[in-house]
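Participant: Output the structure for:
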Amino acid sequence: MSEQRIVGEDPEAENQSRKYASERGPFAINANPAINQPYPREKVDGDLAAAVFAHEPLAQKIGKDAARRKIGEMVKAFMPGTTTTPLFDQPGPNGMSLAHIWFGPNFPLFRHSHPGLGDCLYYVVAGEIVMGNRRLAAGSTFFLPNGQPYKYTAGAAGVELLEFRAGGGVSGAPGLKLDETSLDSLQKIIDGSYENEHLWEAPERIGDTALRQARIDGRLD
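Facilitator: Below you'll find the predicted structure:
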């Protein structure tokens with residue numbers, strides 16, 4: 001990500017920029033970012049991937065080794081269907097951040113939470129998700145209070161979201177907590193990933209999923 005102050009402006013404009021700096025940071029730009037591509041499945045280390053997740057309830061239920069192996073298997077299964085691209089990130093406990101998230105068609109997002117990262121607001125840029133009995137299409141938003149578990153399934157075209165955070169997480173709490181508590185639930189995610197991976201093609205630019213959604217909806221000739 002490239003951040004910078006006003007470039008090419010006169011000294012007075014730069015002085016104005018410094019004048020209006022927030023406690024979170026100065027004026028900054030990240031122009032025209034490219035979307036990250038999925039991390040190759042063959043490069044995923046299952047043990048390291050499992051260590052990213054706080055998963056004590058599952059480990060207590062089925063054993064530490066079995067939980068670690070299954071989580072590693074799950075991560076390898078879904079890795080080709082998702083990308084995260086940081087768009088903006090400020091340091092400090094109240095720093096704001098913005099990330100672009102992509103999930104491929106019918107991606108089965110596992111139940112999880114982020115108790116160490118604070119409240120989060122999501123905006124659906126393109127495509128759609130199914131959350132419970134709700135179908136959230138482009139333009140939809142949903143807000144998650146800190147630590148609330150959630151899961152959803154991406155729609156037939158996949159989905160692109162913007163993830164907004166402004167700090168406020170619980171100090172010492174995990175940034176990523178797995179809230180699935182059975183081998184069966186993890187196996188469903190694994191099976192769903194392999195069943196749909198032939199449909200997964202990450203967008204090159206933010207919003208490209210809208211074209212796929214338009215074709216599915218019959219809005220393109």
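
Participant: after the lengthiest strand in the chain comes which helix or strand?
Facilitator: Using DSSP state E, we find that the single longest strand of the chain is strand 150-165. Going down the chain from strand 150-165, the next helix or strand is strand 177-178, by DSSP states H and E.

Participant: what's in contact with that next one?
Facilitator: Contacts to strand 177-178, defined as Cβ atoms under 8 Å, 6 or more residues apart in numbering, come from residues 53-55, 58, 71, 110-115, 149. Where you see a C-beta, it was placed from the backbone N, CA and C, and this is true even at glycine.

Participant: Specify which residues of the chain, grouped into ranges, have pLDDT under the cut-off.
Facilitator: Counting by pLDDT under 70, the ranges of the chain that qualify are 1-18, 221.

Participant: can you map out the strands along it?
Facilitator: According to DSSP E, the chain carries its strands in the segments 82-89, 97-103, 108-113, 120-131, 134-137, 141-144, 150-165, 177-178.

Participant: Minimum distance to residue 210: which of these has it?
Facilitator: With Cβ to Cβ as the measure, strand 120-131 is the member of these nearest residue 210 (3.9 Å).

Participant: between that closest one and strand 97-103, how many degrees?
Facilitator: With axes from the mean of the first three to the mean of the last three Cα atoms, to 10 degrees applied, the angle from strand 120-131 to strand 97-103 works out at 10 degrees.

Participant: Quickly run through the sheet partners of strand 120-131, with directions.
Facilitator: strand 134-137 (antiparallel), strand 141-144 (antiparallel), strand 150-165 (antiparallel) (DSSP bridges).

Participant: gap between residue 97 and residue 87?
Facilitator: To residue 87, residue 97 is 8 Å away according to Cβ to Cβ, to the nearest Å.

Participant: returning to what we had before: would you mind listing the buried residues in the longest strand of the chain?
Facilitator: Neighbour-count burial for strand 150-165 flags 150-155, 157-165 (criterion: 16 or more other Cβ atoms under 10 Å).

Participant: Stretch 44-56 now?
Facilitator: Buried-residue list, stretch 44-56, by 16+ other Cβ under 10 Å: 44, 46, 49-50, 53-55.

Participant: With stretch 73-85 instead?
Facilitator: Neighbour counts over stretch 73-85 (16+ other Cβ under 10 Å) mark 73-83, 85 as buried.

Participant: I am finished for the moment; much appreciated.
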